[in-house]
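Peer 1: Have a look; sequence and predicted model below, questions after that.
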Amino acid sequence: MGFNYGKERYRTEKEFARFARACREAGMPEDAIAEMYQYDREALNSDRRYYTHTQPFAGAAFCCGDDEGYEEGRSPLYKNCLAQCSVQLEIHYSGCYGWLEDIDTPALVLWLKALSDDDLELLTLIVFDGRNQSEVAREWHRSEAAISKRMITLLAAYAQEESYNVSENQKWRIRRMFEQGRPNTGRMLGYRLKDGVLQIVPGEAGIVKMIFNDYLSGMGRNLIVKKLIRMGVPTLSGGQWRESTVLGILTNEKYTGDMLLQKTYSVDHLTKKQMINHGERRRYYIENSHEPIIDKETFAKVQQELARRAEKFQPNAPFSGEYPFTGLIRCGFCGGYFRRKITASGTKYAKPVWICPTFNTYGKDICSAQQIPEKILIEKTSEVLGTADWDRETLLSYISEIWVPEHNLLMYVFRDGHTEEVAWQNPSRRESWSDEMKQTARERQLRIIERRRKDDGTD
């Protein structure tokens, strides 16, 4: 680019300010200084017109009167300038925006060339000629707000285009790494990425083995979480252990020495939302890429056990999205909101209860709340509302929250501000058991007695 008006104007203003200070110290009057400043500005504008090919040529054009002889009839001054300034005139012939050819980024050039002439002219005036928005607004007979809004739109569009290019370059780099069998991250319990290879961390590897062995021994994810907390085992992120964290370890094939790469992908470069890759993108499976912590036979058994338990505890009816008390019952011990849980799931003794997730996950040492049978919640809510004919919509129209301040006490907070306390009590086993349940327990106890007699050798 031959002439940057903004840069030249800044340099001129800076040099003249220094010169003006010296003139004032010497006693020169302000009107004389202003005349010199005006002269420098006119010289700067003259240079600008010259370099941007707006310098007017004096002298008549000796036109022959017809289109064919028009160039031959040009004035001698024009022909002389044509011979001496061929480089600048070549830029002139390429259009008013020859500065595009000086940009080294192909993607940016393509984006700029796709803009309208008005947008290109606006960028030229403000970015390259150093005009401010007020000057452009007066010249274009537009409001300054309209010019500002258009500039913001252009800059936002460019930022989005640049974000897309960066995202595509990053995706290309990650794909090349996957093709070479190298992971793009290696921070996980038991391993650290070093020189492109997962290296075992001995202390953490022992924890991983314990988790796999505990699960195969019959422990559930919740019990494993509680055990890890009691042992004081920290997570990599420094947060709390959760069932989802344990599940992520139990299903991670990297512990067998293999790697499945590109398990997730970004939907787009704007939201950067991660989605599980079910085949929408290519996946890369690398065998024996690093030293294993878990043998493949143990890993396969764990996957089979996960599938077996998932099938056993799968609910009979699909979840509709919300239960009547979802987001309403708040724990008075830790502040968490109760969630629904099926106890003794998969058996004939299964029943729904509402339980504090902190108590359910971390135990009574962290939160001493108790679970509340859903049947009791429905009964007590019907008492408070004065009717048994209600649904979630009706409940929400009257109740803003159900507070559990202590054991066996519910506090209903109404939307009009008043509260109502209701005590509840778990029914005794004698009252809650049906005749069939009592008979089953009796037969089981008789079998136990009979087996003991045989073991003792008595009649």
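Peer 2: Nice, thanks for sending it over.
Peer 1: switch to C-alpha atoms for all contacts and neighbour counts from now on
Peer 2: Fine.
Peer 1: So L120, which state does it fall into?
Peer 2: Per DSSP: H, G, I helix; E, B strand; the rest coil, the secondary structure class of L120 is helix.
Peer 1: Could you check how far it is from R9?
Peer 2: Going from L120 to R9 by CA to CA, to the nearest Å gives 21 Å.
Peer 1: how far out from the middle of the chain is the lengthiest helix in the chain?
Peer 2: The single longest helix within the chain, with elements called by DSSP state H, is helix 144-179. Mean C-alpha position of helix 144-179 versus that of the full chain (CA atoms, centre = their mean, to the nearest Å) differs by 17 Å.
Peer 1: per-residue confidence averaged over that helix?
Peer 2: Averaged over helix 144-179, pLDDT sits at 74.
Peer 1: And for stretch 387-396?
Peer 2: 90.
Peer 1: Phi and psi next, for A369.
Peer 2: Backbone torsions of A369, given as degrees, to the nearest 10, read phi -70, psi 170.
Peer 1: Kindly report the same for S143.
Peer 2: phi -80, psi 150.
Peer 1: Run a quick neighbour tally on it.
Peer 2: 13 (other CA atoms under 10 Å).
Peer 1: ok, it touching A137?
Peer 2: Yes: using CA atoms under 8 Å, S143 is in contact with A137, at 5.6 Å.
Peer 1: Domain-wise, how is the chain divided?
Peer 2: 5-139, 180-312, 329-426 (automatic domain parsing).
Peer 1: And the ones you listed, which one averages the lowest pLDDT?
Peer 2: Note on the domains of the chain: lowest mean pLDDT is at domain 5-139, with a mean of 65.
Peer 1: which residue sits closest to G332, ignoring its sequence neighbours?
Peer 2: Nearest residue to G332 in three dimensions, chain neighbours excluded: P405, at 4.3 Å (CA to CA, 6 or more residues apart in numbering).
Peer 1: do G206 as well
Peer 2: The shortest distance from G206 to any non-neighbouring residue, by CA to CA, 6+ apart, is to G190 (7.9 Å).
Peer 1: quick one, what contacts that neighbour?
Peer 2: Applying CA atoms under 8 Å, 6 or more residues apart in numbering to G190 gives the contacts 200-208, 293.
Peer 1: 6 Å instead, please
Peer 2: Applying CA atoms under 6 Å, 6 or more residues apart in numbering to G190 gives the contacts 200-201, 204-205.
Peer 1: W403 contacts G327, correct?
Peer 2: No: counting by CA atoms under 6 Å, W403 does not reach G327; the two are 11.2 Å apart.
Peer 1: and these two? which has more neighbours close in?
Peer 2: Using other CA under 10 Å, the more surrounded residue of W403 and G327 is W403, with 20 against 15.
Peer 1: How about the secondary structure of that one?
Peer 2: Reduced to three states with three-state DSSP, the structure at W403 is strand.
Peer 1: And it, how far from E393?
Peer 2: Look at W403 and E393: by CA to CA, they are 19 Å apart.
Peer 1: Likewise for P373?
Peer 2: P373 sits at a distance of 21 Å from E393 (criterion: CA to CA).
Peer 1: Please, where are all the helices along the stretch 1-150 of the chain?
Peer 2: 5-25, 30-51, 76-84, 86-93, 106-113, 117-123, 133-140, 144-179 (DSSP state H, counting those that start in this stretch).
Peer 1: And the contacts of stretch 384-392?
Peer 2: Residues from elsewhere that reach stretch 384-392 (CA under 6 Å, 6+ apart): 324, 382.
Peer 1: Run a quick neighbour tally on R176.
Peer 2: R176 has 12 neighbours, counted by other CA under 10 Å.
Peer 1: residues near I276, how many?
Peer 2: Per other CA under 10 Å, the neighbour tally for I276 reads 12.
Peer 1: For it, what are phi and psi?
Peer 2: Backbone geometry at I276, expressed as degrees, to the nearest 10, gives phi -70, psi 130.
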